[in-house]
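> need a 3D model of the following:
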Amino acid sequence: MATLKRYRIMDTAPEMVFNELAQLATNLLAAPMAAIAFIDENRIWYKARVGLEDESSPREESLCTHTLYSRQLLLIPDTRHDEQFKGHPAVVREPYVRFYAGIPLRAANNQPLGVLCVMDHSPREISDGQMNGLRLIGRQIMLQLEMRLRQIELQQQVMRNQSALNDTKEQLRTAMTGQLNARSEADDTRERFQFLTENSNDLITRHSLDGTFIYLSPAVTHLLGYGEDELLGHSPYEYCHPADLPIMREQFSLTLEQAESTTYTYRFRQQDGNYIWLETITRTILDQTTGEPAELIANSRDVSARVVTEQALRESEARFRRVVDQAADAMFLFAPNGRILDVNQEACHSLGYRRDQLTRMVMADVDHDYDEPRYHAIGELELGDSATFETQLARKNGELFAAEVRIGRLDSGEYLALARDISQRSAEQEAVAATARQFQLLAQNWPDYLRVIDLATMQTRFSNRQEFAGLSSADWHPQQLGSRVHPDDHDAVTAHVARLADGDLGTDMNIVYRVKHPDGHFEWVNERVIPYARNENEQIVEAIILVALVTEQAQLQRQADDSLHRREREVSISRRIALEIARQPNLSELYRNTIDLIKTEFAYYHVQLFGLDSSTDSVQLLYGHGDVGQRMVEMNHTIPVGVGPVGAAAITREAVLLPRLSIAPASPPHPLLSRARGELAVPIMIGNQLLGVLDVLSERDDELSDEDRVAMEAISNQLATAIDSTRLRRELEGQLRELNHLQRLMSREGWESFQQQRRSENLGYYFDRRTVFPMQNGAANGAAPVLPEGNEKMVTQPIAIRGEVVGQLGLQDLEDAPLNEEDRELLSAISQQVAEAMENARLLEQTQKRAVELETVAQVSSATANILESHQLLQAVVDLTRQSFDLYHAHIYLLDMDGRDLVLAAGAGRVGRQMAQEEWRIPLHQPQSLVARAARERKGIIVNDVNKDPTYLPNLLLPDTRSELAVPMIVGTNLIGVLDVQSDALNAFTQDDVKIQSSLANQIAVALQNAFLFEEQLQTADQLREVDRLKSEFLASMSHELRTPLNSIIGFADVLLEGLDGELNPRMEEDVRLIRSSGAHLRDLIGEILDMSKIEAGKMELRYEEVDFPHLAYEVLAGAEKYAVTHEKTHLAIVADLDDDIKFVSCDRTRMVQILNNLVSNAIKFTDDGSVTLKASLVGENMRVSVEDTGIGLSKENAEIVFEQFRQVDVTLTGHGGSTGLGLPITKSLVELHGGEIWVESVLGRGSQFIFTIPLVQPQPEVQ
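Predicted coordinates:
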């Protein structure tokens, strides 16, 4: 403390140099607070301060006390994470220090005097350059203190020396005067002179006129170390420093010439060889008789300390000049009359003048808005005070720019002006003001409900309208809103309001719910909450609530989702049924599989299938789902045609939909189906033929709709095709078996019977489908014998099939064996058998042909069942049909949207593709067209000789057509188009071909409808993707538009907090901090939206580099510890477990930090106790990274949605704050951009583990 008292600094007036050094420290670190403090026994006193109110504070309440006894820079990046300082009064109370940097100020004897400290309200890091700059400012402070002390001591020494010199002069004057006036007193005077010189601390010497020493006072030998004999008789020139010798010679000459005293300073060599600085006053002593110079007397004083101090001062001033010249602000030193005395380099650079030009100017020359009263008021400033104002400065080229000028008075009486260019800030302020006006205008004209609420009181601070959705502003208060919310939404809204009241928002959150309008109906609203303001503890205290009416959108979205889901199910079921039809020949199995599939996929209450029993004019249950259906089948459940929904569908041939059975005039449901509340019965038809009825039931009113009817009609058409195809297959297989049996009887077995009958003299045979037996009383009818000429006789018998003679059978007799009557009868019987055998062979061939054709139909259906693109489907059908049935040509016409024309959709071969490309069309009412006729009459049309049919429309591209068959394609009652096949042979088609091609056409129609539904689904998906793209573009655009003014707001908030616009009172500072915190939070939110938009748009590019992963991981964990302290989780252990093998990995460093920060901060947020562990290991060519916590964990359902955009875990269950729902989706996308994958493993209540892998080296792009 004695050293501090020697410097005499405590409680002194403010000094500009110390104020400027403190301000320079804040500018260097861009911090809001700095101080130059000196510490005595009880307190810390601030010689200069920036951003601090009090002039002093108790030692125990300041961090400076800890710096005082430190040997080096004390740096605390975040006081909340420092075990020594996190509970310090300056940290937990005003001024809420989060960052601290202090330099101890030590005297030359290494005793501590005080501290230079810089502080901030936010944690931060500083660079090595900034630390060196802080040390340099500390050394400048000590130099100023030393110079100040030297100046005080010199002033005191000068005063003492001056007093002694005056005394000596007076005594010498008295002595010499007495010697002149009274020689008698010479001895007395000489004695007094001797006494004075021998007791003086000054060096008093007498010299001859040539300068030789002739007298030395004792102080000379004492100070210089010489003996008298070493100096007397010698010249002082011998001991003078060579550089100062001219000065000494000149001063001696002047003293002799002018006979007056001269004062000069020079260096004199001591006996040990060192030089000391002497300040000497030399005076001429005149001879009393002649009046001529007799000798010289010199009075010298050691001024080495003063000279050293002055040199240090000059060097300090030079260094300070360099610091000033490096300052970012322009500096002007000017006199009270306004004349500019000096400037720094920034002033020259800003104004465009040289320094010598500016020092010839006055402040009015550079201050365009020079105001004389203002500068007059500045002249009245007290020492250490300053004045700040905004003005315009003029550059040399005449250009003006806005500047903020701060002028302070120096202790020398001069003034120092600091000028900062604020032209950009002025523009930004105007932009912020314009943005504020735009926001105000936007809020007033916002089409929906906008309000700002205080979360502590839940009161509305601002609202853009007094009424919305029929409710007043008071009705929207959370306490009043509960009674108006739909019961199904009440719990969700209650949890939502609770989060609001707790300020537990995290980031903005949405909720969609229903409110009751005063007229009784419910309106859907979408409420979005955006954090608006935070307090000093980073807690959200105000929020913006945007409420929009979305009733129509909610209904449309729900309908679209339901429709899309239903369409997907319909397409899936149709495809599965088509495959089932193609592979399942057993109708019972087909019924069971189809009905169970409908029940499972559509979740109906019950599904059953009835078949038509024309003999009883009723429909009988063929299959019903489940045990109930089985019991009803066993009970032979039947329904008369015309009774109930099923009977009505059977008689009207149209679907019957009864959404509510309770109000429908129909028979009640079966007792085993008592929970049925709605019913849909759909007829199963082939053409105009009824096969059965598909019946579905629901257990809730209004659950069945027209969409269900359309879906069940499509399935009924497929069932009808399957039933008809299976029935036709069965019939043909039965006929084939019968014909094979009959052929067998008529061939080998028939001849054996005939021979046996001949031996028993049977006359003939009777044939039927069962067997062959002899006719006892008759013979077969035949033609009369035809006898040949000559000796030979020939008997012939015609071979006739159903009255048409197809050949003859004859026997020729020989002379030795003439034919008799029995031979004739045998000939007649054989001819009849031959005729039957030929007919059987023809039928067999035809049956085999039909079997092959049916198999071909099944193959075509199977091949096209999985084709869901309409054009590809139709082209495949016509190509397969032409090839499989060995036809000349095949093509398909589709009815256009207007129902007027049939447009060629696909044709076989090159000709067919050409016709389809040229879009051939046939008007529906074209009389000369088999295709149009088949469409109009809705039945198959055959022309077996086109040249003889007047309705045939020739085609030049198909000149070889001889026969044509056209069959309509019908789904339910809707005409889809026409299948047209052509042959180059006459009489190529029969009615059996009509049946086969109709079956094929029905399957094509069903497959085509599935393809249309699939294409509609694809179009819907494309539209949704387009909407999503537009959404992404809108978000990206709006995010950029919002971020620009946000940066300005944050920047101006920093300017206000730094005190550049003047000091703020505590309330204003708190408000500004809330503005900055909210702005930074919103900027981070916008950054997430921009990242997600870039990723979705495919514009996110990675900048790969070799990254030291362990170093990066520890940096992330250091930041995570700060995050945990911010969220009051200081007891949470945050650890790293990294394999030693992991060194460098090729990745985008910025994005990798983002990935780790997202995962670690997410783990901290949902972990109250235990630990958060970051692990990393090598797995082959990949690095496996996991973030494991002991938090609340995730359920299986929530684990499946955490990576989906805007999806959040239910915070009402977790009790933790929500988020934008973008953090984990962005993380997933960034990992995948690196060529890796990410997943989560979690156990509810025990914790979660998020794991991702990335390649160690940058993946090479695929070569296209």
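> CA atoms for contacts and neighbours, from now on please.
Noted.
> just name the shakiest helix or strand of this protein by mean pLDDT.
Scoring the helices and strands of the chain by mean pLDDT, DSSP states H and E places strand 764-767 at the bottom, with a mean of 38.
> what about F468, neighbour count?
Here the neighbour count serves as a burial measure; for F468 (other C-alpha atoms under 10 Å) it reads 17.
> same thing with L873?
Residues within reach of L873, counting by other C-alpha under 10 Å, total 20.
> go on, P683?
Taking other C-alpha under 10 Å as the criterion, the count of residues near P683 is 31.
> show me what contacts it?
For P683, the contacting residues are 649-650, 653-655, 690-694, 713, 716, by C-alpha atoms under 8 Å, 6 or more residues apart in numbering.
> how about it, nearest residue that isn't a chain neighbour?
Take P683 and drop its neighbours on the chain: the residue closest to it by C-alpha to C-alpha, 6 or more residues apart in numbering is V693, 4.4 Å away.
> likewise I340?
Spatially, and ignoring its direct neighbours in sequence, I340 is nearest to F334 (4.2 Å; C-alpha to C-alpha, 6+ apart).
> wait, the one you found sits on Y415?
Yes. Using C-alpha atoms under 8 Å as the test, F334 is close enough to Y415 to be in contact (5.4 Å).
> double-check that K47 belongs to a strand.
Yes. Following the definition DSSP: H, G, I helix; E, B strand; the rest coil, K47 is counted among the residues of a strand.
> what about stretch 945-964, how long is it end to end?
Between the opening and closing residues of stretch 945-964 we find a distance of 8 Å, counting by C-alpha to C-alpha, to the nearest Å.
> for the longest helix along the chain, name the packing helices and strands.
Within the chain, and with DSSP state H defining each element, the longest helix by residue count is helix 991-1057. Applying 3 or more C-alpha pairs under 8 Å, 6 or more residues apart in numbering; DSSP states H and E, one finds that helix 991-1057 makes contact with helix 423-445, helix 551-583, helix 706-744, helix 821-864, helix 870-884, strand 963-971, strand 974-983, helix 1066-1096.
> show me the shaky parts of the stretch 101-250 of the chain.
Judged against pLDDT under 70, the low-scoring parts of the stretch 101-250 of the chain cover residues 158, 161, 164-165, 168-197, 199.
> how about the helices in it?
With DSSP state H, counting those that start in this stretch as the criterion, the stretch 101-250 of the chain has helices at 128-181, 186-199, 218-224, 228-231, 245-258.
> same check, this time on the stretch 1101-1250 of the chain
Residue ranges of the helices in the stretch 1101-1250 of the chain, as given by DSSP H, counting those that start in this stretch, are 1109-1126, 1149-1165, 1196-1199, 1211-1214, 1223-1233.
> dump the residue contacts of the residue nearest the centre of the chain.
Here the mean C-alpha position of the chain is nearest to the C-alpha of M1092 (C-alpha atoms, centre = their mean), at a distance of 2.5 Å. Contact partners of M1092, counting by C-alpha under 8 Å, 6+ apart, are 1222, 1226.
> what's the answer for L333, then?
L333 touches 340-343, 414-417, counting by C-alpha under 8 Å, 6+ apart.
> likewise A681?
Contacts for A681 (C-alpha under 8 Å, 6+ apart) come out as 645-646, 649, 655-657, 693-696.
> if you rank those residues by neighbours, which is first?
Neighbour tally across the contacts of A681 (other C-alpha under 10 Å): the maximum, 31 neighbours, falls on V693.
> so that one is in contact with L609, correct?
Yes. Taking contacts as C-alpha under 8 Å, V693 lies within contact range of L609: 6.0 Å.
> let's verify the spatially closest residue to D475 that is not a sequence neighbour: helix, strand, or coil?
Here the nearest residue to D475 in space, its sequence neighbours aside, is L481; by C-alpha to C-alpha, 6+ apart that works out to 5.9 Å. L481 carries the three-state label helix when classified by three-state DSSP.
> for L481, give its distance to A603.
Using C-alpha to C-alpha, L481 is found at 37 Å from A603.
> now E380
Counting by C-alpha to C-alpha, the separation of E380 from A603 is 91 Å.
> low-confidence bits of the stretch 901-1050 of the chain, can you list those?
The low-confidence ranges in the stretch 901-1050 of the chain, as defined by pLDDT under 70, are 1028, 1031-1043.
> below-threshold pLDDT in the stretch 751-900 of the chain: ranges please.
If you take pLDDT under 70 as the line, the stretch 751-900 of the chain has these spans: 751-796, 801-807, 810-819, 839, 841-868.
> isn't G1235 up against V1257?
No. G1235 sits out of contact with V1257 when judged by C-alpha under 8 Å, with a separation of 9.9 Å.
> residues in contact with H625?
Residues near H625 by C-alpha under 8 Å, 6+ apart: 592, 595-596, 599, 606-608.
> how about 7 Å then?
Shown here is H625, whose contacts under the criterion C-alpha atoms under 7 Å, 6 or more residues apart in numbering are 595-596, 606-608.
> quick check: the residue nearest to P683 is in a helix.
No. Secondary structure of V693 (three-state DSSP): strand, not part of a helix.
> thinking again about what came up before, dump the contacts of P683 into JSON lines; add pLDDT and distance to V91 as well.
Output for these, formatted as JSON lines (pLDDT from 0 to 100; distance: C-alpha to C-alpha, whole Å):
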{"residue": "A649", "pLDDT": "91", "distance to V91": "84"}
{"residue": "A650", "pLDDT": "91", "distance to V91": "87"}
{"residue": "R653", "pLDDT": "90", "distance to V91": "86"}
{"residue": "E654", "pLDDT": "92", "distance to V91": "83"}
{"residue": "A655", "pLDDT": "93", "distance to V91": "79"}
{"residue": "L690", "pLDDT": "88", "distance to V91": "89"}
{"residue": "L691", "pLDDT": "89", "distance to V91": "88"}
{"residue": "G692", "pLDDT": "92", "distance to V91": "85"}
{"residue": "V693", "pLDDT": "94", "distance to V91": "82"}
{"residue": "L694", "pLDDT": "94", "distance to V91": "79"}
{"residue": "E713", "pLDDT": "87", "distance to V91": "76"}
{"residue": "S716", "pLDDT": "86", "distance to V91": "78"}
